[in-house]
Structures are given as C-alpha cells and as structure tokens.
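using only what follows, build the 3D model:
(chains A and B)
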There are 2 protein chains.
Amino acid sequence: MKQIVLSFIVAVCFTAGAQAADAPSGSPADWRDVDPQNLVLLDTRYGQVAIELAPEFAPLNAARFKALVRAHFYDGKTFYRVIDGFVAQGGIGEGTAATKNHPKDDATNTAWPPLKAEFDRAIGNDVTFTPLGSPDLFAPEVGHVDGFPVGRDAKESRMWIVHCPGTLAFARDDKPDTASTEFYIVIGEAPRRLDRNLSAFGRVIAGLQYIQKLERGDPDVDAGVIQDPKAQDPILRVRMAADLPIAEQPHFQVMRTESAAFAAKKEEKRNITSSFFFRKPPAILDVCLMPVAVKRPGP
Amino acid sequence: MKQIVLSFIVAVCFTAGAQAADAPSGSPADWRDVDPQNLVLLDTRYGQVAIELAPEFAPLNAARFKALVRAHFYDGKTFYRVIDGFVAQGGIGEGTAATKNHPKDDATNTAWPPLKAEFDRAIGNDVTFTPLGSPDLFAPEVGHVDGFPVGRDAKESRMWIVHCPGTLAFARDDKPDTASTEFYIVIGEAPRRLDRNLSAFGRVIAGLQYIQKLERGDPDVDAGVIQDPKAQDPILRVRMAADLPIAEQPHFQVMRTESAAFAAKKEEKRNITSSFFFRKPPAILDVCLMPVAVKRPGP
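Residues are numbered from 1 along each chain as shown, chains lettered A, B, ... in the order given. Next comes the predicted model:
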C-alpha cells in the first residue's frame, strides 16, 4: 500500500486552496486578533461561516452590512442565486415567488436606500500593504492588507479588495451607486473582472466549504436563480460576534500579512523545493492562491 | 424593487465560473458529440457527475481509469481526502480504518501496478490547439484542445492539460511513475503548480457542483483526510457511458474550441462592453475562467 500512503505527499506539500489555511506557525506577534466588531457569523444548515469585514476598504458598505445583520434582515432569507464556479448571492431574492411571499421585504427595503459605491479607496498610511512579489494579469500590483487580497495602482493612487474565493461584496444595479441589501460571496475561480466594479468589503475566514455546499441554480435559467423557492438554502441566522456574550464569542486570529512569517510562507510556495516536483513549477504566486492562515485558539 | 431585479445584470453578463456553461448557441457544426467511450458517469449521493476523458493527452492513464471503472473498482469506495479550495481525492483511501475494512482492496491493488507518468505530450497534428490569445502566468502559452484547457511550450514542443476546476488526474507517490488507482478532481482555484507534475487525463463536463458538496477534511489534520470513515462521502457507482444500453446513454455536446463561435465567446468575455462595468476590466482572459459550453440535447 506504499503508493496509497505516499500519495499523501501531494497534500502535505500543496494544500494550495485559497481557503486551506496552512498549519498554524510563527510567533504570537505574527498573528492578529480578529475584532469581534468586524466578525460576522452566518449560520447555514451545513455549518457556520465566519466573515471578517474590512471597513477600511468600504466603510459605508461594511457599516450597511453590519446594520442589516443587527436588524436581523438576513435571518430566514435565502441564498437564491448560486452559480457553481462563480458566486452565491443572498438576501431578499429576485422577484421570484419567494419574494412575493415576503411582503414585509418591500417595507423593509425602504429603510435601506441605495448606497454610494466604494469600488476602491485611496492608498494611505492607515493600512499596511505588503506586495505579493509576483506579477498579476489584472492589476498593476497585488498583495495583502490585513489578510485581505488587494490590488493596487500606484499611478492612480488607488487600492481595492480583489475578487478571490471567499470575497464578500454587495450586488448592485446597472448604475454604480445602487447596492442596497443583496450580497454575494465568491465561490469559484476568481472573477477578477469584477474588481473595482463592485464594492467588496470582507472575506470568509472560516467555513467557505459550507457555502460550497449550497444548492445551485442553473446558470442558463433566469441567471442562476433557483426557481423553486423551497430548494433555496436558507440563511438561518447572521450575527455580529460582538453582540454575543463574551464567553460565546469565537476567537479568530489571522496571520499578519506584513510579518516575516507570512513572507517566509510566500517564498516557500513560490520556490518549491520538494522532491515531489519532478519539474520545478514557475516561481509565481497568484494572489488568490496564496492562503492566509487563520486559527481559532482556545476551546 | 428595481435594485433587486436589476442586480440580475451581474449574472447575465458574467456567469464567469469555469463550469458555468454559457447558454447554448452557435450552429450544429460548432458542437462536438462526446464519445461514450470517453464519457464517465460518476454517481454521488448529491447527483451524477459527467467526466470526459482525454486519452490523446494521457493514453495509459486514461485507459487505466477506464479499466478501473469497468472492474467496478471505485464502486463503494469514498472521497476520503477533500480539501476545500483544492482537490477531492477518491479511491481506496489512505490507510484509515475505512481501508482496513476493505480487505479485498489489498488484493485488487496488485492488479493495478504503478503507471508510467504522462505529465505532458508532444505537440502533434492529431489534435487542434486553439490559443487563448491572452498571456498566462504559468505557461508560455495556453489555449484549448477539444474543450480541455491546455498549456503549451513550443520551444520544448510539449503540451499538457492544465489544472483548472474540474480537471481529473491521478495522485501519485514521490516518484513520477507511481500512480495506480487514486484520483483527484480539482475543486478550487486552479492549482497550476501541479501542471506537468501529475498526469491529467480528463475534465468534469457536468455536475461539478455535486463534487463541491462533498464532505471536507481538515487540511491541518492528516493532510485533509476525513478522519471518520463514516463521514467520507461514498462513490456510489462509476460507469462508462458506452456500457449502458444505447437508450440510456446521455448525449453530451461540447462547443468546439476551434470554432468561430468559441472565438466569438472569448472576444465577448475579453472585451467587455456592458454598461454595468463602470470601469472597463483589463482585456485579459484566464484559461481556467473561460467556460467551454456543454449541452445535453434531447430528453
């Protein structure tokens, strides 16, 4: 059974998934506590999803999402448009029978006027951008800020969260300043063409596999909206971690992307030395393929 | 509710997922029938997955997979190592209790000696390579052959199937010529560093969403192997379509990637003209983000 046992090696060396956190490592100083005020806990029937918000990239949009969570707006709504390899979209819905069966939504919606878009922000010293150190097909430069995958254009002096698996953003209408309540989470290959065209304001730090389990729509029918409302997976409950009793607040830590420990992880992945690799891969990193380790210390 | 209805536009223009087939289009000549001799039907508890084999890229490995299917080798085995954002690996297992409970596997395994690796193949006129027409971070050139995403190195005169979501390949040991029975399907961001280091010989053409629903392992524990064998999702049954009665054989068609219809789809995706895009994205395609349409005509 040697073949079987050794096929482990693929795994040990290459848990390359964007969400597959590396084994915790580094010193305590290499880790940042996730602020419970930016930590969203979204319960699906498959398990709990933890999302970190990034108000430093989209303050109005992040604040709106928090307000919606605190108004229990999403509780009992659904993931109604789920396209495999693309996004899972949740909220009120898209004029389906399900929507019509929630007459209160029309009223609620008036409380959530269209938002000003925050597709990108000025480069500033309030955050630390650490370049990835590899080229990118879609942005002049890519790297990380506080674990978020970020694109940057020094000439325009702008930066933005890029669309990787796990990125959270608001859907919108044709016009830029029209997002209101509907959100999506990227579940597939990074749809980087959406960068700077939608307001991204967070990322899933744990439980993306539960979003992957959501019932899918047919992308060829009604733009992927699941036609049978009963088949749409519910959003059971969404809460801000800060609103839980202290003892129940989950404690997450994200590896500091400006740390030497993260730099070492990037180099390890960029310059592969394992003998498993019969042919040495190009010394390239993709910003969406570079996992940022997340750990949850304690019980 | 205008905001809600119009947020459709994101979907209509950008079902960007690698597996999200565009709506069928083009003339009959733009479509190729999938040969039932290369069509694998893999039943999970979530639904049926259709895989097209590519013997032109890895004849020995594709033949081995067919032989394993016809020997009912995989029926009742499991997806025992599933790492979110990376791969779903199936087969005998990795020395867990589940393996020990299948004593016949040891005997069976002797019938499947290690395979010669087919990490790439010579560039040749037996297949038609159509360049993507955009740069790539990992290969000198990328494009498509019969719907498969392919890398090419003209200097070395080699070509290979690249690791995109849905790519099927054999796992192996540390040494190149050691694959035997264990396979994986890519379920996350393209782990392109595996290109030319493992023998890729097929791709999922329908039902990748069911693979996405598989129970995951913890990537930090035992390289992602699901520790509780009962939690491992079963491979219920795998069959070659050609072995079914003609009337039961599903008829799949894949858009010809050498056709003008596919060229038009690439240009549409590369040069986005929709007014939804406040900022025009870079005119770039990623080979793993360019969906190749699949349709299933008939009842």
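
export stretch A:176-190 as PDB, just CAs?
Extracted C-alpha coordinates of stretch A:176-190, given in PDB (Å, rounded to 0.1, in the frame of the first residue of the first chain):
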ATOM      1  CA  PRO A 176     -22.700  52.300  -9.700                       C
ATOM      2  CA  ASP A 177     -24.500  53.700  -6.600                       C
ATOM      3  CA  THR A 178     -27.300  51.200  -6.300                       C
ATOM      4  CA  ALA A 179     -26.300  48.500  -3.900                       C
ATOM      5  CA  SER A 180     -28.800  48.100  -1.000                       C
ATOM      6  CA  THR A 181     -29.100  44.700   0.700                       C
ATOM      7  CA  GLU A 182     -28.200  41.900  -1.700                       C
ATOM      8  CA  PHE A 183     -24.700  40.400  -1.100                       C
ATOM      9  CA  TYR A 184     -22.600  37.700  -2.700                       C
ATOM     10  CA  ILE A 185     -19.700  35.500  -1.700                       C
ATOM     11  CA  VAL A 186     -17.300  34.400  -4.400                       C
ATOM     12  CA  ILE A 187     -17.300  30.500  -4.600                       C
ATOM     13  CA  GLY A 188     -15.300  29.900  -7.700                       C
ATOM     14  CA  GLU A 189     -12.300  30.800  -9.800                       C
ATOM     15  CA  ALA A 190     -11.600  34.400  -9.000                       C
END
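
for that stretch, list every residue counted as buried.
By neighbour count on 16 or more other Cβ atoms under 10 Å in any protein chain shown, the buried set for stretch A:176-190 is A:176, A:178-190. Yep, even glycine has a C-beta here, placed from its N, CA and C like the rest.

now render the residues you listed as JSON lines, adding secondary structure, distance to B:F148 and pLDDT.
Compiled in JSON lines, those are given as follows (DSSP: H, G, I helix; E, B strand; the rest coil; distance: Cβ to Cβ, whole Å; pLDDT from 0 to 100):
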{"residue": "A:P176", "secondary structure": "helix", "distance to B:F148": "38", "pLDDT": "94"}
{"residue": "A:T178", "secondary structure": "helix", "distance to B:F148": "39", "pLDDT": "93"}
{"residue": "A:A179", "secondary structure": "strand", "distance to B:F148": "38", "pLDDT": "94"}
{"residue": "A:S180", "secondary structure": "coil", "distance to B:F148": "41", "pLDDT": "93"}
{"residue": "A:T181", "secondary structure": "coil", "distance to B:F148": "41", "pLDDT": "95"}
{"residue": "A:E182", "secondary structure": "coil", "distance to B:F148": "36", "pLDDT": "96"}
{"residue": "A:F183", "secondary structure": "strand", "distance to B:F148": "35", "pLDDT": "98"}
{"residue": "A:Y184", "secondary structure": "strand", "distance to B:F148": "29", "pLDDT": "98"}
{"residue": "A:I185", "secondary structure": "strand", "distance to B:F148": "29", "pLDDT": "98"}
{"residue": "A:V186", "secondary structure": "strand", "distance to B:F148": "25", "pLDDT": "98"}
{"residue": "A:I187", "secondary structure": "coil", "distance to B:F148": "23", "pLDDT": "97"}
{"residue": "A:G188", "secondary structure": "coil", "distance to B:F148": "18", "pLDDT": "92"}
{"residue": "A:E189", "secondary structure": "coil", "distance to B:F148": "16", "pLDDT": "84"}
{"residue": "A:A190", "secondary structure": "coil", "distance to B:F148": "21", "pLDDT": "85"}
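
determine which two of these are furthest apart.
By the measure Cβ to Cβ, A:S180 and A:E189 form the most distant pair in the buried residues of stretch A:176-190, at 27.3 Å.

using the three-state scheme, assign whichever residue of the stretch 101-250 of chain A sits closest to chain B.
Closest to chain B within the stretch 101-250 of chain A is A:A223: 3.3 Å, counting by Cβ to the nearest Cβ. Following DSSP: H, G, I helix; E, B strand; the rest coil, A:A223 is assigned to helix.

count the neighbours of it for me.
Counted by other Cβ atoms under 10 Å in any protein chain shown, the residues lying close to A:A223 total 21.

and the helices in chain A?
Taking DSSP state H as the test, the helices found in chain A are A:2-6, A:8-13, A:59-70, A:97-100, A:104-109, A:208-212, A:260-270.

poorly predicted segments of the stretch 1-150 of chain A, please.
Across the stretch 1-150 of chain A, residues meeting the criterion (pLDDT under 70) sit at A:1-25, A:94-110.

who does the residue nearest to A:V225 when sequence neighbours are not counted form a beta bridge with?
Once flanking residues are discounted, A:V225 sits nearest to A:R81: 4.8 Å by Cβ to Cβ, 6 or more residues apart in numbering or on different chains. Counting by DSSP bridges, A:R81 forms beta bridges with A:Q89, A:V225.

how about the contacts made by A:R81?
By Cβ atoms under 8 Å, 6 or more residues apart in numbering or on different chains, A:R81 lies in contact with A:V87, A:A88, A:Q89, A:E94, A:Y184, A:G217, A:A223, A:G224, A:V225, A:I226, B:A11.

try A:A261
Taking Cβ under 8 Å, 6+ apart as the criterion, A:A261 is in contact with A:S25, A:G26, A:S27, A:D30, A:M255.

quick check: the residue of the stretch 51-200 of chain A nearest chain B.
A:G85 (2.5 Å).

got phi/psi on that residue?
Dihedral pair for A:G85: phi 80, psi 10, per degrees, to the nearest 10.

was I right about it contacting A:A190?
No: A:G85 lies out of contact with A:A190 (Cβ atoms under 8 Å); the separation is 10.7 Å.

residues touching A:Q232, list them.
A:T78, A:F79, A:Y80, A:G93, A:A98, A:E215, A:I226.

make it 6 Å
A:T78, A:Y80, A:I226 (Cβ atoms under 6 Å, 6 or more residues apart in numbering or on different chains).

surely the last one and A:R216 touch.
No: assessed by Cβ atoms under 6 Å, A:I226 is found out of contact with A:R216, at 7.5 Å.

who has more neighbours, the two?
When neighbours are counted by other Cβ under 10 Å, A:R216 comes out ahead of the other of A:I226 and A:R216, with 29 against 25.

got the contact list for that one?
Residues in contact with A:R216 (Cβ under 6 Å, 6+ apart) are A:V82, A:D84, B:Q209.

before we move on, back to that, identify the farthest-apart pair in the contacts of A:A261.
Within the contacts of A:A261, two members stand farthest from each other by Cβ to Cβ: A:S27 and A:M255, at 10.9 Å.

what's the closest residue to A:S275 other than its chain neighbours sitting at in phi/psi?
Excluding the flanking residues, the one nearest A:S275 by Cβ to Cβ, 6+ apart is B:D174, at 6.0 Å. The phi and psi values for B:D174, taken as degrees, to the nearest 10, are phi -70, psi -40.
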